[in-house]
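A.B. asks: Requesting a structural model of the entry that follows:
(5 chains)
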Amino acid sequence: MTLNYHKEIMTSHPWTFFKLLFNWKSSVWKAVSVELLVWLIIYAILSVIYRTALADWQMRSFENVVLWFENRMSYFPLDLVLGFYIKLNVERWEYRYRRIGYIDNPCLMVAEYVRGHSEMGRQFRRTIIRYCALGQIMIFRDISLRCRRRFPTLDSIVQQGFMTEAEKMEFERYNIHYKQWICFNWAYALVYEARKRGLIKSDIFTKEVVDQLKEFRTDLEWCNNYDWQPIPLLYSHVVCLAVHFYFAIALIARQHVISEDNPNKIQIDIYFPLMPALQFVFYIGWMKIAEMMINPFGEDDDDWEVNALIDRNINMGMAIVDGGFDRPPELRKDPFWD
Amino acid sequence: MTLNYHKEIMTSHPWTFFKLLFNWKSSVWKAVSVELLVWLIIYAILSVIYRTALADWQMRSFENVVLWFENRMSYFPLDLVLGFYIKLNVERWEYRYRRIGYIDNPCLMVAEYVRGHSEMGRQFRRTIIRYCALGQIMIFRDISLRCRRRFPTLDSIVQQGFMTEAEKMEFERYNIHYKQWICFNWAYALVYEARKRGLIKSDIFTKEVVDQLKEFRTDLEWCNNYDWQPIPLLYSHVVCLAVHFYFAIALIARQHVISEDNPNKIQIDIYFPLMPALQFVFYIGWMKIAEMMINPFGEDDDDWEVNALIDRNINMGMAIVDGGFDRPPELRKDPFWD
Amino acid sequence: MTLNYHKEIMTSHPWTFFKLLFNWKSSVWKAVSVELLVWLIIYAILSVIYRTALADWQMRSFENVVLWFENRMSYFPLDLVLGFYIKLNVERWEYRYRRIGYIDNPCLMVAEYVRGHSEMGRQFRRTIIRYCALGQIMIFRDISLRCRRRFPTLDSIVQQGFMTEAEKMEFERYNIHYKQWICFNWAYALVYEARKRGLIKSDIFTKEVVDQLKEFRTDLEWCNNYDWQPIPLLYSHVVCLAVHFYFAIALIARQHVISEDNPNKIQIDIYFPLMPALQFVFYIGWMKIAEMMINPFGEDDDDWEVNALIDRNINMGMAIVDGGFDRPPELRKDPFWD
Amino acid sequence: MTLNYHKEIMTSHPWTFFKLLFNWKSSVWKAVSVELLVWLIIYAILSVIYRTALADWQMRSFENVVLWFENRMSYFPLDLVLGFYIKLNVERWEYRYRRIGYIDNPCLMVAEYVRGHSEMGRQFRRTIIRYCALGQIMIFRDISLRCRRRFPTLDSIVQQGFMTEAEKMEFERYNIHYKQWICFNWAYALVYEARKRGLIKSDIFTKEVVDQLKEFRTDLEWCNNYDWQPIPLLYSHVVCLAVHFYFAIALIARQHVISEDNPNKIQIDIYFPLMPALQFVFYIGWMKIAEMMINPFGEDDDDWEVNALIDRNINMGMAIVDGGFDRPPELRKDPFWD
Amino acid sequence: MTLNYHKEIMTSHPWTFFKLLFNWKSSVWKAVSVELLVWLIIYAILSVIYRTALADWQMRSFENVVLWFENRMSYFPLDLVLGFYIKLNVERWEYRYRRIGYIDNPCLMVAEYVRGHSEMGRQFRRTIIRYCALGQIMIFRDISLRCRRRFPTLDSIVQQGFMTEAEKMEFERYNIHYKQWICFNWAYALVYEARKRGLIKSDIFTKEVVDQLKEFRTDLEWCNNYDWQPIPLLYSHVVCLAVHFYFAIALIARQHVISEDNPNKIQIDIYFPLMPALQFVFYIGWMKIAEMMINPFGEDDDDWEVNALIDRNINMGMAIVDGGFDRPPELRKDPFWD
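C.D. replies: Numbers count the residues shown, from 1 in each chain, chains lettered A, B, ... in the order given. Predicted structure coming up:
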């Protein structure tokens, strides 16, 4: 789940962000640790070979290679390409978050317009909302690994109460590849039925309820459509290639040159490539942001907790349309009354 | 079709993007292979001439030319201009994707509001949706090469069942250049007729169905309008020119200078221009993103599969408005009922 | 008219953009040809004077001036300022394009809701749409040179059939500076009248028709409002100044220095300033994009063909509301029927 | 008022933008003239002191200071920070312009739905629109200096006819700090009254009129809310600080170093700091764009002419709802009739 | 509260922004003072040690370290990453500001459509609005420290009059984790009740009132949802890390090198690191913008005054729906009447 760190940074102190640096979960340290280790090991191996195993003329050659590469590191404009690429990923990430399907409005509208304290009224309201939650599950199963794990089969959905056995059988009777719309079709049909039975008092109210369900479904549909149509691979490819080649070459280009007469001999030999390593952390960490945001329905630390959302939706939904239905406190003069 | 690689990157591992590098389809390798080969061959020819065929003073002159060009390579600000240009192309690409015409909402609304299990009811619902799909085909034929190939003539549309022979004749009787609206006009007329016959129970519902069709049509219209009004050629021209001239000049400027007394003599002669070649791959690959996104209705690997969308729309549409019409499971107490 | 080059780049080949380079119309070559010529001539004159007319100490001084300027060329951050400026212009260009006034939706809604095959019904529908087209002309006359040329006077509008003589007299009777709303007011009044006479069956439908006309008018109004309130001149001024001063100074700074003992003596004297000229083409071409997009209602090659749009609107409009009114093919079982 | 230069750049000629350079009003020359003068004077004073008043060892020290500063000028990334800052200001400027309150739609809807040629009908329509204009004045008085100058007191509003004496008294009877809503509340009440008296024929039409007034008011409210919540001062502070410090330091860093043996001795002493001065014009001019756009309701040359807008709104409003009410030309066959 | 400095910069003078520099509250000076001090102290300590405590060969080593770091400072692309990061934060900040919940429209719509001067009418209107304000408090308590401080318990809400004792008891009877929707459910129920009792005359008007409440609630919900799902920590982490490491390394890299024979010996030793300190102020100040905007519901100087908004909403709300209800001035001929 996305780490919520807003509380810790409520007020900006000099040490506010500083504290964040000592966070492990969803930190840059965790994100790049493995890569960094591998990179450092290869770097070390190359370094040891260069310093100990090579003959003099080989060292000279190697140093010339280092020099040649180092002078050409600027050929890769990592900054700009990463900046634009991450901006694009952030925008798509936000676009989907706004469409992730909070069920509040459908529930409140169903509670407002589908009336009746009778058992029938309650059944209508509860079932319409349950079908919405079910539709959300059906869509999330296709795009989210976490949701798929929780609901590997239709039976598991039945087991957790989102679906009855009868509904499952009805659902399976449809002989078509795309089935995400079925639950919503049921919900719509119930709304129309509710209008016919007089639970909804007017056509305008019917349309309003239908509109809310439609908005909910359309939002989810676009989560699905965006999953179906990712950023063209070519774009990710170019960015990923540039970053990886940059640091592959850096393995050589950033070696400390130690021969006295080499023009780019380092000033002091501190063995550990501190600055290149920090650059590695920084750029690879930057790229990891994109990697993490490109599919927020995965299982990364910062990916969305869709299962928690499903539970929240069903609990809150039932509370709104049933438990809290039409129970306003008695009207009295309010405290500001003059 | 756009390669869907979301599944493979569900969770971010150190090797996640690494795997993507060994993808051929829609990879940067495939995108730039031909250009790279041509560029390398010309580079090699120049290199061989310079190293073997030139007299001493000619070499000296050539090396001065190399030096002169190399010092001025920074005159071209490729990064920024490519960054902004690609951002623009991505935005227009997304704008069109959001308007590509998923038929779900029109179908669900038609199923909700156009009632009747009778054959007449079924015919109305099916035909309204079929006209929508037909309208989509008519528009896609104008902008998508793939769709045009599938439906080269009206007869081919009739053959594949999207149009009857009678409709084709009616369609051909219109004597006007712009014909994309005709099918939608038919669909609207059917909706009005359905209201008159009482299949739609209220004016509000009529308006709602019309609104859905309108939204569907307007989305498609803007796919068409964007095709009609591309990014001004001048913009593409400037970007394309800059990139191509940059690498044309690089053919000379990036030659390895080997004369001892030349100030920019290379440190070590590795013959193969590794870094310039990588730069070539990177920048040309970057530009290819724009080239591919500028017209997503073409036939590139990553262009949209409009034919698959058309099939999905008609199959799912028929299932929603006919097969799945008004078949909600019986109302029962749900498993959460207390 | 904007050159439509989508067809030519349907599929991305290695030579796709290459072909575009040999386009003259709306090419960068055409856009910068005059400026480039002037710039090269001045450059040549300066060059000739420097090489032939100056005494030795004058040459020395001149070369020092060249050196002084060249070292300070980086004071102007052209890239970023041009990048942001062009992005802004592109956004405003797209904003207006989306509001340029395609009449499809008003027509389709008028055809849907204003009923009657009688002559009265036809007159109402035709006249409402004609008033919309007329309103568009009235607005375009204020902002587009092309439209103004086609319709220099009200008489010319009458002559081309968009207005009757009686309407012109009525129009002229209004004694107010702003007259763009008049035709739309007429159209609205007709819609209300149609409702009173029963051509429109319900208040909801009336509102729907009015809403479509309103959307059409509001779009056009914002084309007009954006024309009234351009990007503040100061912004254009700063950008334009920076680019022009840059290349004015480049006339001196990019001169080939030929004295042996000057530190920035060129490596080889190729007389023609190839790289500075390419830079000139590139930057001036980039700036031209903005110049062209800042007012797309002008008469540049890539400016919008508003007259073609007006013709399309009236032709298609009449076809939709009259020729194609309420003529759906007979309902039959469709080919997919099982 | 914003200078409208669209007409002058209708078509793009080589000299198009060139002409703009010789504009004084809202030109960059005018914007930076005072600052530039002050800067040049201080520069000159420092220069004179350095060249004439200092002893040799003092000159040496001063030159070292110059060198020290010049080498560190790149510490300030002015370009990017200005670029992003101006982009933000432009966006907020456009956001507010789109909400500045053109009264066209409210008027047209009032004219469409509030019927009656009687004096009562006319009074209703005129008064509703006048209250809208009045509400606009009330809001603009809070945020625009120009509007405040024109209407310093309620009496001045009465005097100019936007308010009657009775309305002023009623207005003053409200005992609350926020009063911007009052006129709109009156307008709404009149609409409801008009419905009750039958001037509006249906509830749907009532809602439509109310919606238009609501949109108009909400737009204005956001002009107000944006004024209440500017870009955090910190942001403006950082940008402004960076630019000013940069040029304060440039006063020293850009001095011409004239001692023979100094490593950054200038090549030629042209006394006038031409390039630094141009850089000053360019950057300060760029920053002035933000300064001007940050509050477009001020009194700068390019700030919005809200008073002209108020006059336009009331004149056009009255013409639409009264003079031009329900006066469509007689229906006849149009010229395109076949 | 956000400092409103629009009034002071109404018109752009040369000294406009200059004045802002001498502002303490929400100035960059205040924002970075502590950090700057700490940084300078550590810098001074290092400097003193280097200059006094080290042996000659130690100095030489230290200077080599300085040189090594300084040459690699460009590894961190702070500008671009900060630019994009701040842009993102600004966008999210604006997104939330537009959804912060101004109650004007709900109030005006309730006053328009819920009729009756009777006590019952007044109670309905007042209570609906009070429940909206109460719902806003409930949401703000979860996300804003200031609001939480003002309303630490439900009792404190009762005490300040936003809730009655009875409502509190009813509120507490709900046995569910998410309770933000309850007040809105009450408000909706009252609207429906008002329709049943005839205070609202039509279903269309009912829908309109419900829509306004819905919009108000949805806006607030998204303030909440954005708080629940911040920018992934990884992103903040990378940015924060880059900036802090940059200046940590600058502590060494920016030391004045004083040994005569060191290649980067400073030109003149002014002891105080003026330029590095300014750079520190600038970049840390820039980062503080993000820090401040990332959670505008905190207690920073520039964070939003939600408590003032709550008070404004309830005061203005009561005035609109009760004090100012249906009190339009008598209709008379207006001053423009001819």
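
A.B. asks: Below-threshold pLDDT in chain A: ranges please.
C.D. replies: For chain A, the stretches with pLDDT under 70 are A:1-23.

A.B. asks: Let me see the ranges of the helices in chain A.
C.D. replies: Secondary structure of chain A by DSSP state H: the helices cover A:16-20, A:28-48, A:56-71, A:78-97, A:104-113, A:119-143, A:145-150, A:154-159, A:165-173, A:182-196, A:203-228, A:233-253, A:274-293, A:306-318.

A.B. asks: Tell me how far the fifth one lies from the chain's centre.
C.D. replies: Between the centre of helix A:104-113 and the centre of its chain there are 28 Å (Cα atoms, centre = their mean, to the nearest Å).

A.B. asks: Could you tell me how many residues sit around A:F272?
C.D. replies: For A:F272, the count of nearby residues is 12 (other Cβ atoms under 10 Å in any protein chain shown). For glycine as for every other residue, the C-beta is placed from the backbone atoms N, C-alpha and C.

A.B. asks: Can you give me the distance of it to chain B?
C.D. replies: Distance check for A:F272 against chain B: by Cβ to the nearest Cβ, to the nearest Å, it reads 21 Å.

A.B. asks: cool, and A:R312?
C.D. replies: For A:R312, the distance to chain B - Cβ to the nearest Cβ - is 14 Å.

A.B. asks: How many residues are close by that residue?
C.D. replies: Neighbour number of A:R312 under other Cβ under 10 Å is 17.

A.B. asks: I figured it hits E:Y178, correct?
C.D. replies: Yes - counting by Cβ atoms under 8 Å, E:Y178 is a contact partner of A:R312 at 6.7 Å.

A.B. asks: most tightly surrounded among the helices of chain A?
C.D. replies: Among those, helix A:104-113 has the highest mean neighbour count (mean count of other Cβ atoms under 10 Å in any protein chain shown), at a mean of 25.

A.B. asks: For it, list the C-alpha coordinates in CSV.
C.D. replies: Extracted in CSV, the C-alpha atoms of helix A:104-113 (Å, rounded to 0.1, in the frame of the first residue of the first chain):
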residue,chain,number,x,y,z
ASP,A,104,-19.7,6.7,-2.2
ASN,A,105,-21.8,8.6,-4.8
PRO,A,106,-23.6,5.6,-6.2
CYS,A,107,-24.5,4.6,-2.7
LEU,A,108,-25.7,8.0,-1.6
MET,A,109,-27.8,8.4,-4.7
VAL,A,110,-29.4,4.9,-4.4
ALA,A,111,-30.2,5.7,-0.7
GLU,A,112,-31.7,9.0,-1.8
TYR,A,113,-33.9,7.9,-4.6
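
A.B. asks: Could you check that helix against chain E for contacts?
C.D. replies: Yes - against chain E, helix A:104-113 shows contacts by Cβ under 8 Å from any Cβ of the partner chain at A:D104, A:N105, A:C107, A:L108, A:M109, A:A111, A:E112.

A.B. asks: Quick one: residues contacting A:Y188.
C.D. replies: A:V210, A:L213, B:L108, B:A111, B:E112 (Cβ atoms under 8 Å, 6 or more residues apart in numbering or on different chains).

A.B. asks: what's the most distant pair in those residues?
C.D. replies: By the measure Cβ to Cβ, A:L213 and B:A111 form the most distant pair in the contacts of A:Y188, at 12.7 Å.

A.B. asks: about what we covered before: now the helices of chain A as a markdown table including distance to C:L190?
C.D. replies: Below are these laid out as a markdown table (distance: least, Cβ to Cβ, whole Å):
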| stretch | distance to C:L190 |
| --- | --- |
| helix A:16-20 | 64 |
| helix A:28-48 | 65 |
| helix A:56-71 | 75 |
| helix A:78-97 | 42 |
| helix A:104-113 | 36 |
| helix A:119-143 | 43 |
| helix A:145-150 | 55 |
| helix A:154-159 | 56 |
| helix A:165-173 | 51 |
| helix A:182-196 | 35 |
| helix A:203-228 | 27 |
| helix A:233-253 | 52 |
| helix A:274-293 | 53 |
| helix A:306-318 | 48 |
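
A.B. asks: for these, which one sits closest to E:N89?
C.D. replies: Evaluated over the helices of chain A, closeness to E:N89 peaks at helix A:78-97, with 10.9 Å, by Cβ to Cβ.

A.B. asks: contact partners of the closest one?
C.D. replies: Contact with helix A:78-97 is made by A:222-223, A:226, A:231, A:235-236, A:238-239, A:242-243, A:246, A:283, A:286-287, A:289-290, A:293-294, A:296, A:304, B:79-80, B:83, B:86-87, B:90, B:286, E:77, E:80-81, E:83-84, E:87-88, E:225, E:229, E:235, as judged by Cβ under 8 Å, 6+ apart.

A.B. asks: Understood, closing this out.
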